[in-house]
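**Q** Structure for the following, please:
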Amino acid sequence: MTDTEKLLWRHLRMEQLSGYKFRRQHPIGNYIVDFVCLEAALVLEVDGGQHAESADNDAIRTKWLEAKGLHVMRFWNNEVLNNIEGVKLVIWNYLSKLQPPSQLPPRCALPRCQGEGVNLRREDT
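**A** Got it, this is the predicted structure:
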């Protein structure tokens, strides 16, 4: 991951954006996308200077992803680096138009155990 992708990841991880879960460097077909939110069918790509040379390939990739029902958002490195709040707002505006993600219980509703472990055995009846 590039430094720019790491910056965006810090703002996406742990469901920080409207409760949606993003995955990073996720394979979809023959492609590996920078970030994807599967429940929102949203792909985020961060493009650096090298992407200007491969605009045709990016267009083919975007068209293929969209044909699979995914919405693709592309951001330039400088947008993420210089205006992360603006980038988050663009993403949030898109997500806010969707149905909210399922309200799952917290990952660990019970307090962490401290000290002794507990062994549970299945009783054969």
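**Q** Average pLDDT for the host helix or strand of Lys6, rounded please.
**A** For Lys6, the host element (DSSP states H and E) is helix 3-12. The pLDDT scores in helix 3-12 average 95.
**Q** Ok, stretch 92-111 next?
**A** Confidence for stretch 92-111, expressed as mean pLDDT, is 65.
**Q** between the helix or strand just after the helix holding Lys6 and helix 3-12, how big is the angle?
**A** For helix 3-12, the succeeding helix or strand toward the C-terminus, using DSSP H and E, is strand 23-28. Orientation check (axes from the mean of the first three to the mean of the last three CA atoms, to 10 degrees): strand 23-28 against helix 3-12 gives 110 degrees.
**Q** helices or strands next to the helix or strand just after strand 23-28 in the packing?
**A** Sequence order places strand 31-37 as the next helix or strand after strand 23-28, per DSSP H and E. For strand 31-37, the elements it packs on are helix 3-12, strand 23-28, strand 42-47, helix 55-67, judged by 3 or more CB pairs under 8 Å, 6 or more residues apart in numbering; DSSP states H and E. (C-beta placed from N, C-alpha, C; glycine too.)
**Q** and with 10 Å instead?
**A** helix 3-12, strand 23-28, strand 42-47, helix 55-67, strand 71-76, helix 84-96 (3 or more CB pairs under 10 Å, 6 or more residues apart in numbering; DSSP states H and E).
**Q** gap between Trp9 and Asp58?
**A** Per CB to CB, to the nearest Å, Trp9 is found 20 Å from Asp58.
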